[in-house]
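Colleague: how would this look folded up:
(2 chains)
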Amino acid sequence: MPPFIETASQTAGPYVHIGCTPNVCGIAMYGGDLGAVMRTGPVRGEEITLTGAVHDGMGAVLKDALVEIWQADAAGLFNTPFERRGQADPNFTGFGRSAGDMNTGEFTFHTLKPGRVPWPDGRLQAPHVSVWVVARGINIGLQTRLYFADEEAANAEDPILSRIEHRARAETLIARRTAPGAYRFDIHLQGPKETVFLDI
Amino acid sequence: MPPDQTPSPPLGGFMARNRAAQPAAFHPAYKTSVWRSPRAPLLSFPSSLSEETGPVFGQSLLGPLDADLLSNFAAPGETAIGPRIIVHGRVVDESGRGVPGALVEVWQANAGGRYRHAKEGYLAPLDPNFGGCGRCLTDAEGHYSFRTVMPGPYPWPNGGNDWRPAHIHLSLFGPSFAQRLITQMYFEGDPLIPLCPILGAVTDAAALQRLVATLDMQATIPMDSRAFRFDIVLRGRRQSVFENRKEGL
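Modeller: Residues are numbered from 1 along each chain as shown, chains lettered A, B, ... in the order given. Just a heads-up that it's a prediction; the model follows:
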């Protein structure tokens, strides 16, 4: 059998938005950008806003990053035809993509608070959002997760969070509540506050 | 692809990523990577449903011209300037299975090597009939194709005299978020390939070679377009030991 090895990643470069969010950079295509809207109708669960920015090793905010998220609905179900455990909320896509603000670099997702999803052994994971970051200078896309500060009990028993030995580093995966329904999540590519990135 | 036509993906968690065939995150010759590469080891975990699922996009997403960069931004009756090419290939996973319904998004510079972007600094002219982006879905066997112009090489502010080889960026969604991939395809015979610091981050010679699309004279359109073939491999899943299935490995 011939070897099939994953194609090598390459940096998304400075112009990733031409391909992934063309409307953001002034190229009117497709009737709108993919992943710009996550709630397509009334949704079940708590509607929330996730805001943050991606920082480099010097603490500067990236203005050319692309951040994507993927998450379960409020019942812990994913909106994909491969979901076999039940019917996910049809008005919630679960997928978001944000180019970030051209001037501040801040990304924003209008989403909902996810439910709990089982770990392979059946234990429940804490509510979380899968996050993927690419940008100029990132040779291979970075996977991480966002958890919620107000889910202390669930976070304490989460299979990933509870296994991070350095507690200060575990904090890098926690989004802070800044207002009702609003959370802040900053991603640090490098440096003393470097986010825990996952090799999944 | 409507759910009733969607085949079941193989079961089991994702195979560990083959990092030897991937670029190093920290690669000083590519200067921007110096402050943008994580230094702590990545934390390894088995995949869960959060990574084994992902957004699935159907044909209803696509417009009729989405995969035709020659005309999807052009004025009526006009076409983009430059050598016309077809880029096609097959998306498979690491088990060699075709990946149906994968979304392939592409972007590139125009034939002169210039991007349609406010931060683009190269002097080559913009082509009013070329937007530089397109997208398509793979068919039931994992095949994809799009039409475009041959992108030009261009200088970039990394070293004093660095030029990017001609390339097209590709963003891929398999059915799982763990398969998310952005890469670039290059063109057979380009003398800039061995000089490029971005390509230099891929140290495995075979992995590097797989980023180079090959001229495919069997797939040309006579008196119209040359064709280049670029096959793509997305991450694969282990077979679950709990499933008594014949398919796969």
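
Colleague: and the end-to-end length of stretch A:12-30?
Modeller: One end of stretch A:12-30 to the other measures 20 Å (Cα to Cα, to the nearest Å).

Colleague: which positions within it qualify as buried?
Modeller: Neighbour counts over stretch A:12-30 (16 or more other Cβ atoms under 10 Å in any protein chain shown) mark A:12-25, A:27, A:29-30 as buried. The way it works is simple: take the backbone N, C-alpha and C, and place the C-beta from them, glycine included.

Colleague: quick one, helices of chain B?
Modeller: Along chain B, counting by DSSP state H, helices occupy B:49-52, B:205-209.

Colleague: average pLDDT for the longest one?
Modeller: The one in question is helix B:205-209. Mean pLDDT, helix B:205-209: 97.

Colleague: contacts for that helix?
Modeller: Residues outside helix B:205-209 that contact it (Cβ atoms under 8 Å, 6 or more residues apart in numbering or on different chains): A:5, A:8, B:20-22, B:199, B:202.

Colleague: from these, which would you call buried?
Modeller: Neighbour counting with 16+ other Cβ under 10 Å marks A:5, A:8, B:21-22, B:199, B:202 as buried within the contacts of helix B:205-209.

Colleague: now, which of the buried residues of stretch A:12-30 lie within helices?
Modeller: Residues of the buried residues of stretch A:12-30 located in helices (DSSP H): A:16-20.

Colleague: bridging residues for the residue nearest in space to the middle of chain A?
Modeller: Taking Cα atoms, centre = their mean, the centroid of chain A lies closest to residue A:131, which sits 2.5 Å from it. Listed by DSSP bridges, the beta-bridge partners for residue A:131 are residue A:69, residue A:144.

Colleague: could you find the closest non-adjacent residue to residue B:36?
Modeller: residue A:137 (3.6 Å; Cβ to Cβ, 6 or more residues apart in numbering or on different chains).

Colleague: and for residue A:23?
Modeller: Sequence neighbours aside, residue A:33 is the residue nearest to residue A:23 in space, at 4.7 Å (criterion: Cβ to Cβ, 6+ apart).

Colleague: turn the helices of chain B into a markdown table, columns for distance to residue B:32 and mean neighbour count.
Modeller: Converted to a markdown table, the helices of chain B look like this (distance: least, Cβ to Cβ, whole Å; neighbours: other Cβ atoms under 10 Å in any protein chain shown):
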| stretch | distance to residue B:32 | mean neighbour count |
| --- | --- | --- |
| helix B:49-52 | 27 | 24 |
| helix B:205-209 | 20 | 14 |
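
Colleague: so which of those helices is nearest residue A:89?
Modeller: Among the helices of chain B, the nearest to residue A:89 by Cβ to Cβ is helix B:49-52 (15.9 Å).

Colleague: where do the strands sit along chain A?
Modeller: A:47-52, A:54-55, A:66-70, A:95-98, A:107-112, A:128-134, A:142-148, A:174-179, A:182-184, A:187-188, A:198-199 (DSSP state E).

Colleague: got TSV for those strands, with mean pLDDT too?
Modeller: TSV is the format used below for the strands of chain A (pLDDT from 0 to 100):
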stretch	mean pLDDT
strand A:47-52	98
strand A:54-55	98
strand A:66-70	98
strand A:95-98	98
strand A:107-112	98
strand A:128-134	98
strand A:142-148	98
strand A:174-179	98
strand A:182-184	98
strand A:187-188	98
strand A:198-199	96
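
Colleague: residue B:162 is nearest to which of the ones you listed?
Modeller: Nearest to residue B:162, of all the strands of chain A, is strand A:128-134, at 20.9 Å by Cβ to Cβ.

Colleague: what is that closest one packed up against?
Modeller: If you count contacts as 3 or more Cβ pairs under 8 Å, 6 or more residues apart in numbering or on different chains; DSSP states H and E, strand A:128-134 packs onto strand A:66-70, strand A:142-148, helix B:49-52.

Colleague: mind running it again at 6 Å?
Modeller: strand A:66-70, strand A:142-148 (3 or more Cβ pairs under 6 Å, 6 or more residues apart in numbering or on different chains; DSSP states H and E).

Colleague: which of the ones you listed sits most buried?
Modeller: Among the helices and strands packed on strand A:128-134, ranked by average contacts under mean count of other Cβ atoms under 10 Å in any protein chain shown, first place goes to strand A:66-70 (a mean of 26).

Colleague: list the contacts of that strand.
Modeller: If you take Cβ atoms under 6 Å, 6 or more residues apart in numbering or on different chains as the criterion, strand A:66-70 is touched by A:16, A:20, A:94-99, A:107, A:109, A:129-134, B:54, B:177.
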